[in-house]
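Colleague: Build me a structure from this.
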Amino acid sequence: MLAFVGIIQYSIYLGNKSSNTAVQREKGFTLLSEKIKKTKEDISKSENNIRSVKISPEYESMVKIPEGYFTLGDNTFGDTSTRPAKQIFLDTYFLDKYEVTFAQYYQFVGLTGHRKPRLAGYLAVGPEGLPLLMNPFNPVVGISWDDASAYCIWKKKRLPTEAEWEKAAKGETHQLWPWGNDENPLNANLVGDKDGYFYTAPVGSFKNDKSPYGVYDMAGNVMEWVNDWYSENAYQSFITKNPKGPESGETKVIRGGSWNDSILRAETIVRFKMSPEYRDVTIGFRCAKSA
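Modeller: Numbers count the residues shown, from 1 in each chain. As a prediction, the model looks like this:
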């Protein structure tokens, strides 16, 4: 009889435990749905703010990169994809002084009907952090290579070649970062918040992150799509005048560090690759134009 009573009591305990678990689970779902709802509302508010701002002509500025030789790549760097270092001649071209901003990109979206950036939760940024990226004058993120290329074409420009990007970042002489060889992570918007920003910053905020030609944010803020297909051995076959990279491939080249990268990943010679369809909160772009 005592054993039977014990079984009944244990059954009641299990029932209560199951009930409590269900309540906790329901509360968890409620909290999650409320967070998602708030994130959507915050993103909508941010989009309305982005669409309402007036874009200063300064954000459309381009910098002239004069014709001449520069050293592409580095023979001493650990990554073999940067070898061999070569003297490359580039004709005069122009490069956007700043990375393309949310305000500029949403103007493009509004006038052409092109799809909006993909703003969803990523490993680097949870849903609650996404609205913080959407300052009108922060670099646009969440766009693919095709999105970036379409914007540049709309502007009667194009994406820079990998060689053009590297020359604009380090100049004619070899230097590890746009500002020189001083390994100072506070010179650019890199990983952590000691530089004043946990995520992206308004373009041009870091005055030291400026190349010899006056191009901003080539070490930090966001990585940038360039035109070239990626190949591990691309530099071996590069012609020495205006190289454009491989004719085809599976991944596109990305250059420069981001707000989520260390200073070593922000060196002017570092190469990255990514599927052209990929969209992420660490990748943006800028446009180039032939003289």
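Colleague: use CA for all of it now, contacts and neighbours both
Modeller: OK.
Colleague: where along the stretch 1-150 of the chain do the helices fall?
Modeller: Counting by DSSP state H, counting those that start in this stretch, the stretch 1-150 of the chain has helices at residues 2-52, 102-112, 130-133, 145-154.
Colleague: Compare those and say which comes out lowest on pLDDT.
Modeller: The minimum mean pLDDT among these belongs to helix 2-52 (a mean of 63).
Colleague: and Trp165, that's in a strand?
Modeller: No: counting by DSSP: H, G, I helix; E, B strand; the rest coil, one finds Trp165 to be helix, located in no strand.
Colleague: That one and Gly113, how far apart?
Modeller: 29 Å (Cα to Cα, to the nearest Å).
Colleague: With neighbour numbers in mind, choose between those two.
Modeller: Set Trp165 next to Gly113 and count neighbours by other Cα atoms under 10 Å: Trp165 wins out with 24 against 10.
Colleague: From Leu132, how far off is that one?
Modeller: As judged by Cα to Cα, Trp165 and Leu132 stand 28 Å apart.
Colleague: now swap in Leu111 and tell me
Modeller: Look at Leu111 and Leu132: by Cα to Cα, they are 25 Å apart.
Colleague: and what of Gly113?
Modeller: According to Cα to Cα, Gly113 and Leu132 sit 24 Å apart.
Colleague: same check, this time on Ser275
Modeller: Between Ser275 and Leu132 the distance is 26 Å, computed by Cα to Cα.
Colleague: Now do the strands in this structure.
Modeller: When secondary structure is read from DSSP state E, the chain shows strands at 62-65, 68-72, 86-90, 93-96, 223-229, 252-255, 271-274, 283-284, 288-290.
Colleague: Columns mean pLDDT, distance to Thr200 and mean neighbour count on top of those strands, output as TSV?
Modeller: Formatted as TSV, these follow (pLDDT from 0 to 100; distance: least, Cα to Cα, whole Å; neighbours: other Cα atoms under 10 Å):
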stretch	mean pLDDT	distance to Thr200	mean neighbour count
strand 62-65	98	21	20
strand 68-72	97	28	20
strand 86-90	97	31	19
strand 93-96	98	18	21
strand 223-229	98	11	26
strand 252-255	98	16	24
strand 271-274	97	19	18
strand 283-284	98	11	26
strand 288-290	98	22	19
